[in-house]
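Colleague: got a predicted model here, sequence first, then my questions.
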Amino acid sequence: MPRVERIPAQRHAAILEHLRVRGAASIPELTEAMAASPSTVRRDLDYLAERGYVERTHGGATLSASSTEVESSITSHIAQKEKAAIGRLAVDWVKANMIIIFDSGTTVLEAARAISDSNLPITAITNDLGIAQILGGKGQNQVIVPGGTLRPGSQTLLGNPGAAFLRGIHVDMVFLGTHAITDNLLTDSSLNLADVKRAMIQAARHVVVLVDSSKFGPTCNFDICTLAEIDEIISDNGLSEIDRKATEAHGVKVSIAQVIK
């Protein structure tokens, strides 16, 4: 396979995706899959293991059983096509002059990018500085960033005054992200972030969760809400029929964005 130059974050994301699908992999297997040298793969695995994302084995690695949240510089390269397709489909839920809360996260960021490109004027409220920049780049949008403390390694604001602000407003819709959907439960790896998401849900008349199909699986540390508290999910065509039917059985509408591999 020809060598394709990737930045480290892209390789790290690709390794995590490979392990998510396979469960475990040897260094020779990853060397071929990443089109990288064995020494590069070893360094990448060391980096991921130091952060708790993978566990090293003799001659390879497995995906970590812990629910450590992966840094945003890596997650932005995971399931890129799926996230972009979900973001484009999310535009169909938006009408001019809506007031919309945008949660933090790379999938919601893709929705913000697609909505910005659509030129639909909206009022956006977000705790994500990257999303604020994207939506604020178009003059027709009003963008409100309630404030808070910047989460290390991300563009997400947590705590007050943002959380208190969210508890005192009522908006048309929220585009929400989540770390995992397991059975009837949405969960996250951060207690503070889960708390902010709950405030967003309470503030919105319509709750739309944007989540790629890889997020349907093992639960994470902190509860956000049950499926009964959301209205719709937008995912991608990698979602299994079993997971889709199980979700719809809880009264949640599931819309599928088509991804061409």
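Modeller: Yep, it's here.

Colleague: so what touches the helix or strand of the chain with the lowest mean pLDDT?
Modeller: In the chain, no helix or strand scores lower on mean pLDDT, DSSP states H and E than helix 72-75, which sits at a mean of 74. Applying Cβ atoms under 8 Å, 6 or more residues apart in numbering, the contact partners of helix 72-75 are 9, 12-13, 16, 106, 153-155. (C-beta placed from N, C-alpha, C; glycine too.)

Colleague: now the element after that helix, going C-ward?
Modeller: helix 80-90 (DSSP states H and E).

Colleague: buried residues of the helix or strand where E29 lies, list them for me.
Modeller: Using DSSP H and E, E29 sits in helix 27-34. Within helix 27-34, the residues that qualify as buried are 27, 30-31, 33-34, counting by 16 or more other Cβ atoms under 10 Å.

Colleague: any chance of those in a markdown table, with pLDDT and distance to V171 too?
Modeller: Shown next, in a markdown table, are the buried residues of helix 27-34 (pLDDT from 0 to 100; distance: Cβ to Cβ, whole Å):
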| residue | pLDDT | distance to V171 |
| --- | --- | --- |
| I27 | 92 | 49 |
| L30 | 92 | 44 |
| T31 | 92 | 49 |
| A33 | 88 | 43 |
| M34 | 88 | 43 |
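
Colleague: report the angle between the following helix or strand past the helix holding E29 and helix 27-34.
Modeller: Tracing the chain C-terminally past helix 27-34 and defining elements by DSSP H and E, one meets helix 38-50 next. For helix 38-50 against helix 27-34, the angle by axes from the mean of the first three to the mean of the last three Cα atoms, to 10 degrees is 100 degrees.

Colleague: can you pull out the low-pLDDT segments for the stretch 51-200 of the chain?
Modeller: 65-69, 76 (pLDDT under 70).

Colleague: got the buried residues for stretch 95-113?
Modeller: Buried-residue list, stretch 95-113, by 16+ other Cβ under 10 Å: 98-113.

Colleague: for the residues you listed, which one is nearest C225?
Modeller: Checking the buried residues of stretch 95-113 against C225 with Cβ to Cβ, the nearest one is D103 at 12.3 Å.

Colleague: pretty sure that closest one contacts A124?
Modeller: No. Using Cβ atoms under 8 Å, D103 is not in contact with A124; the gap is 11.3 Å.

Colleague: just the strands in the stretch 101-250 of the chain please.
Modeller: Per DSSP state E, counting those that start in this stretch, the stretch 101-250 of the chain carries strands over the ranges 123-126, 142-144, 149-150, 157-158, 173-176, 180-182, 185-188, 207-210, 222-226, 232-236.

Colleague: ok, back up a step: got TSV for the buried residues of helix 27-34, with distance to N160 too?
Modeller: Formatted as TSV, the buried residues of helix 27-34 follow (distance: Cβ to Cβ, whole Å):
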residue	distance to N160
I27	47
L30	43
T31	48
A33	45
M34	43
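
Colleague: sort out which of the contacts of helix 72-75 are buried, if you could.
Modeller: Judged by 16+ other Cβ under 10 Å, buried ones among the contacts of helix 72-75: 9, 12-13, 16, 106, 154-155.

Colleague: now for the nearest residue to P38 once chain neighbours are set aside: which residues touch it?
Modeller: Using Cβ to Cβ, 6 or more residues apart in numbering and skipping the chain neighbours, the partner closest in space to P38 is T31 (5.1 Å). If you count contacts by Cβ under 8 Å, 6+ apart, T31 has them with 37-38, 41.

Colleague: at 10 Å what do you get?
Modeller: 1, 25, 37-42 (Cβ atoms under 10 Å, 6 or more residues apart in numbering).

Colleague: biggest separation within those residues, which pair?
Modeller: Largest pairwise distance in these, by Cβ to Cβ, is 18.5 Å, between M1 and R42.
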